[in-house]
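Chemist: Any chance you could fold what I've pasted below:
(one chain, ligands or ions: 1)
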Amino acid sequence: MHRSKFGTRLSAVLAAFAFLAATFGPLTACAAGKIQIMTATTDLGALAQEVGGDKVDVESIARGYQDPHFVDAKPSFLLKLKRADLLIVVGLELEIGWLPPLITQSTNPKIQVGAPGYFDASRFAKILEIPTGQVTRAEGDVHPLGNPHYWLDPENGLRIAKGIADKLSQMRPGDAAYFAQRYTDFEQRLKQADQRWLAEMKPYEGRKIVTYHRSWPNFAEHFHLNVVGYVEPRPGIPPSPQHTVELIRQMKQENVKVIVVEPYFDLKTPNSVARETGGQVLVLPPSVGGEKEITDYFKLFDYDISKLKQAFDTTH
Ligand SMILES: [Zn+2]
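Modeler: This is a model prediction of the structure:
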């Protein structure tokens, strides 16, 4: 009796092993090699690099100075997607205009939507502006499932990093301790940096700003800024004369002086709004790589906070 129970258990273990071998076979075959990670954006790439260390190769498709909603992905990425073990995406339909065909054409079973190598970072983050009622891309709104610019809150950065670390550990159980240690180290450094950033932003608490696109709600919530209007009438919809007139009226009424513009938007409308309101246009990159010196997740906040402080100091 005892013996057969053991036998059953052993065969269960063997079956589980066979299942794992079938699922992760290609990985075990090249266990010594680095995990090949592709990310949709540079910010996710930076987070993956933090926890993956030298056990991973990371490459991002969108450049940090490109509008992540509208990326003209080069065919060379197809080859890299073919070889990828893990694809990390922002999700919430941010990449809907450019990534799905690349995934399909890669014919890489590991990274197809729903496969173990397809990692949707939005599942780990706090998402703002989730629409109530019917989900729609009516009038071209590019944020139909909530705001996809969620990486601009260090607390979300931490949540995503934890999700990636756990995923990497699943893929390479033998390196689980390494990834856990990398995550702990990142957490410590990020929490320390965040204390500093919050202290730097403290004097500007409640400051009203206008932004071109709705890229900054998570940033604004974390650092206590107040985004009161947008140059775009709706996310993804170019400025219209009527909307611009209304925005200028509102900025004058509420004495708003800083217009934050992501690097990939035309400055014509923001400049004219600034002229009318006596305000200042501040070009602020929302992603790692948006400026040469923004080489990692920490430097993104370092850069943006220092630019914001300058703008607040010179417009008050
Ligand atoms: Zn957007």
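
Chemist: residues contacting residue 53?
Modeler: When contacts are counted by C-beta atoms under 8 Å, 6 or more residues apart in numbering, residue 53 touches 178, 179, 182. Heads up, the C-betas are built off the backbone N, CA and C, glycines and all.

Chemist: So which bits of the helix or strand encompassing the last one are buried?
Modeler: Same thing as residue 182. In this assignment (DSSP states H and E), residue 182 forms part of helix 176-201. In terms of neighbour count (16 or more other C-beta atoms under 10 Å), helix 176-201 has its buried residues at 178, 179, 180, 182, 183, 186, 187, 190, 194, 197, 200, 201.

Chemist: Include distance to residue 245 when you put the residues you listed into TSV, please.
Modeler: Listed next are those as TSV, based on distance: C-beta to C-beta, whole Å:
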residue	distance to residue 245
178	57
179	53
180	55
182	51
183	49
186	46
187	47
190	42
194	39
197	36
200	35
201	31
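
Chemist: picking up where we left off before, the helix holding residue 182 packs against which elements?
Modeler: helix 42-52, helix 154-171, helix 297-314 (3 or more C-beta pairs under 8 Å, 6 or more residues apart in numbering; DSSP states H and E).

Chemist: And for the very next helix or strand once past that helix, what's in contact with it?
Modeler: Counting by DSSP H and E, the next helix or strand C-terminal to helix 176-201 is strand 208-211. Defining contact as C-beta under 8 Å, 6+ apart, one finds that strand 208-211 is touched by 220, 225-231, 247, 251, 254-256, 258-262, 273, 279.

Chemist: Now intersect those residues with the strands, please.
Modeler: Using DSSP state E, 226, 227, 228, 229, 230, 258, 259, 260, 261 are the members of these that sit in strands.

Chemist: Which of the helices and strands packed on helix 176-201 sits closest to residue 206?
Modeler: Nearest of the helices and strands packed on helix 176-201 to residue 206, taken as C-beta to C-beta: helix 297-314 at 11.2 Å.

Chemist: how much does that closest one deviate in direction from helix 176-201?
Modeler: Per axes from the mean of the first three to the mean of the last three C-alpha atoms, to 10 degrees, the angle that helix 297-314 makes with helix 176-201 is 0 degrees.

Chemist: So what touches helix 297-314?
Modeler: 43, 46-47, 50, 154, 157, 189-190, 193-194, 197, 200-201, 204, 207, 219, 223, 225, 258, 260, 280, 282, 284-288, 290-291, 293-294.

Chemist: what do you get if the cut-off is 7 Å, keeping everything else the same?
Modeler: 43, 46-47, 50, 154, 157, 193, 197, 200-201, 204, 207, 258, 280, 282, 284, 288, 291, 293-294 (C-beta atoms under 7 Å, 6 or more residues apart in numbering).

Chemist: mind showing which ranges of this structure have poor pLDDT?
Modeler: Residue ranges of the chain with pLDDT under 70: 1-32, 135-139.

Chemist: For the residue most central in space within it, which residues are in contact?
Modeler: In the chain, the C-alpha nearest the mean C-alpha coordinate belongs to residue 151, at 4.2 Å (C-alpha atoms, centre = their mean). Residues near residue 151 by C-beta under 7 Å, 6+ apart: 43, 157, 160.

Chemist: The last one and residue 48 touch, don't they?
Modeler: No. Taking contact to mean C-beta atoms under 7 Å, the distance of 8.9 Å between residue 160 and residue 48 leaves them out of contact.
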